[in-house]
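Asks: Sequence plus predicted model, see below.
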Amino acid sequence: MNNTRDRRKPLATFNGKVFHVEFRGRSLDVPAATGDNGDVLVELDSVTHWVIAEGESEAPEVSVEDLGAILDAIENTAEEAELSIWFE
């Protein structure tokens, strides 16, 4: 069995305020707020551009395909942490 992580799959971590996502050598932070009932609201309005990498003059736009991978990574992380999430 091969335990090597597929580097083409996105990786998300959650610190209670943002989901930090890394994918294809890029990263971004997706804001999230925990409600009184423990549900986590993930705010997608800011998911438009990747963080500017060293040597770049502009932040690259997040493609529709990348957005799908980002959402999958956030959902998987939330599921593993037994979090109930909502996207807005």
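Replies: Sure thing, it's come through. Numbers count the residues shown, from 1 in each chain.
Asks: Can you check which strand is longest in the protein?
Replies: As assigned by DSSP state E, the longest strand anywhere in the chain is strand 26-34.
Asks: So which residues make contact with that strand?
Replies: For strand 26-34, the external contacting residues (C-beta atoms under 8 Å, 6 or more residues apart in numbering) are 14, 16-21, 40-44, 46-47, 49-51, 53, 60, 62, 70, 74, 85. Where you see a C-beta, it was placed from the backbone N, CA and C, and this is true even at glycine.
Asks: what pairs with it, and is each one parallel or antiparallel?
Replies: strand 18-23 (antiparallel), strand 40-42 (antiparallel) (DSSP bridges).
Asks: Of those, which stretch is the most buried?
Replies: strand 18-23 (a mean of 20; mean count of other C-beta atoms under 10 Å).
Asks: Using CSV, write out every CA atom in it.
Replies: Below are the C-alpha coordinates for strand 18-23, written out as CSV (Å, rounded to 0.1, in the frame of the first residue of the first chain):
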residue,chain,number,x,y,z
VAL,A,18,-9.8,30.4,8.7
PHE,A,19,-9.3,27.4,6.5
HIS,A,20,-5.8,27.5,5.1
VAL,A,21,-5.7,25.7,1.7
GLU,A,22,-2.6,24.6,-0.2
PHE,A,23,-3.0,23.3,-3.8
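Asks: Renumber starting at 47 from here on
Replies: That works, and once the first residue is 47, the last one we named lands at strand 64-69.
Asks: so how far is it off the chain centroid?
Replies: 4 Å (C-alpha atoms, centre = their mean, to the nearest Å).
Asks: How about stretch 115-131?
Replies: 9 Å.
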